[in-house]
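1. missing the sequence, but the structure's below:
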């Protein structure tokens, strides 16, 4: 679970409803504060048990760099309601939601970024129709199912969701927290609890099952013609997908690869400014006025608020 530093949007962002052909979605819509036209628009998809607030600390630095960013709660996530039927959360359904969201933004082709589960949904959307997207950024999102330890955690959570209330599951999860998480302030803990209670259990069950069974679709993505410009970004440690696996995926895709120093599975909350700088640098390469060059496989590190340094 990503733990955003706050659930209060920065001044550059407004919470609103994005109305699409497939329903309404809660979003945080951030743009340059001085009212200038943005350089482009990006759609940000959160991970399993997460929400649009997982990107909240990235919104201001991205707006300062000139970008409009729209972070979304997918169906059944936090402030976007969803039905009780698990079939409504099959990956193709969620991918079609993303296509509808991109169209509803009214910004032409957009940059697409997904964290963890959101990255696999983003990949599925691009495989359905790559045309709406300028680039695809996979943030801490691997090529196939999650690591065995994470599969076991999802199995236990799914079992609990079938016999306990959402509040009961929350209390059980908190009892297993490491000591450092138990030191969170009351307000931060209550925000996380409130988010959890609004998640739809059917969404958690369906997407958790998908995370545990996701096939390797990297070759499908690489085979698109023309192939999308892809950025693989992660922390230097990750217990959901081994970093070496993310490295290999980037090579298979001919993707840009960024490692964020000091970050683990959630660079968006662990090191948001460094992560935002790396993401903005990639988008600049593929701006609407600059087609860039495909096959940029160089690995860079993002540290001390700057991105793009050679790793070696």
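-> Great, that's in hand. These figures come from a predicted structure and were not determined experimentally.
2. strands of the stretch 151-300 of the chain, start to end?
-> Secondary structure of the stretch 151-300 of the chain (DSSP state E, counting those that start in this stretch): strands at 229-235, 256-260, 299-303.
3. could you dump these into a markdown table with mean neighbour count, distance to residue 206 and mean pLDDT added?
-> For the C-beta atoms, the positions are set from N, CA and C on the backbone; glycine is no exception. Listed next are these as a markdown table, based on neighbours: other Cβ atoms under 10 Å; distance: least, Cβ to Cβ, whole Å; pLDDT from 0 to 100:
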| stretch | mean neighbour count | distance to residue 206 | mean pLDDT |
| --- | --- | --- | --- |
| strand 229-235 | 27 | 25 | 98 |
| strand 256-260 | 25 | 30 | 98 |
| strand 299-303 | 20 | 33 | 75 |
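4. out of those strands, which is closest to residue 22?
-> strand 229-235 (25.2 Å; Cβ to Cβ).
5. list the contacts of the closest residue to residue 157 other than its chain neighbours.
-> Excluding its sequence neighbours, the residue lying closest to residue 157 (Cβ to Cβ, 6 or more residues apart in numbering) is residue 208, at 6.5 Å. Residues near residue 208 by Cβ atoms under 8 Å, 6 or more residues apart in numbering: 48, 154, 157-158.
6. ok, now residue 243?
-> Residue 243 sits next to 234-237, 259 when contact means Cβ under 8 Å, 6+ apart.
7. which of the residues you listed sit farthest apart?
-> Within the contacts of residue 243, 237 and 259 form the most distant pair, 9.8 Å apart (Cβ to Cβ).
8. host element of residue 76?
-> Assigned by DSSP states H and E, residue 76 falls within no helix or strand.
9. I'd assumed residue 202 was in contact with it.
-> Yes. Taking contacts as Cβ atoms under 8 Å, residue 76 lies within contact range of residue 202: 6.6 Å.
10. between these two, which is the more surrounded one?
-> Higher neighbour count among residue 76 and residue 202: residue 76, with 23 against 19, using other Cβ atoms under 10 Å.
11. need the overlap of contacts for residue 76 and residue 202.
-> Counting by Cβ under 8 Å, 6+ apart, the common neighbours of residue 76 and residue 202 are 82-83, 88-89.
12. contacting residues for the residue nearest the centre of the chain?
-> The centre of the chain sits closest to residue 115, judged by Cα atoms, centre = their mean, with a distance of 2.4 Å. By Cβ under 8 Å, 6+ apart, residue 115 lies in contact with 2, 44-47, 50, 54-55, 139-141, 266, 268.
13. what's near enough to touch the closest residue to residue 162 other than its chain neighbours?
-> Residue nearest to residue 162 in three dimensions, not counting chain neighbours: residue 205, with 7.7 Å by Cβ to Cβ, 6+ apart. By Cβ under 8 Å, 6+ apart, the contact list for residue 205 reads 86, 158, 161-162.
14. and residue 205, how far is that from residue 77?
-> 13 Å (Cβ to Cβ, to the nearest Å).
15. kindly report the same for residue 221.
-> 24 Å.
16. quick one: low-confidence parts of the stretch 51-200 of the chain?
-> Applying pLDDT under 70 to the stretch 51-200 of the chain flags the ranges 179-185.
17. which stretches in it count as helices?
-> Ranges of helices in the stretch 51-200 of the chain, per DSSP state H, counting those that start in this stretch, are 56-64, 91-104, 117-128, 148-161, 166-175, 179-182, 186-198.
18. turn those into a markdown table, columns for mean neighbour count and distance to residue 273.
-> As requested, the helices of the stretch 51-200 of the chain are arranged in a markdown table below (neighbours: other Cβ atoms under 10 Å; distance: least, Cβ to Cβ, whole Å):
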| stretch | mean neighbour count | distance to residue 273 |
| --- | --- | --- |
| helix 56-64 | 23 | 5 |
| helix 91-104 | 20 | 26 |
| helix 117-128 | 24 | 20 |
| helix 148-161 | 15 | 27 |
| helix 166-175 | 14 | 29 |
| helix 179-182 | 9 | 22 |
| helix 186-198 | 15 | 19 |
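19. would you turn those into CSV with distance to residue 12?
-> Putting these into CSV (distance: least, Cβ to Cβ, whole Å) gives the following:
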stretch, distance to residue 12
helix 56-64, 4
helix 91-104, 20
helix 117-128, 22
helix 148-161, 34
helix 166-175, 31
helix 179-182, 29
helix 186-198, 20
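20. closest one to residue 227 among those?
-> Per Cβ to Cβ, nearest to residue 227 of the helices of the stretch 51-200 of the chain: helix 117-128, 10.0 Å.
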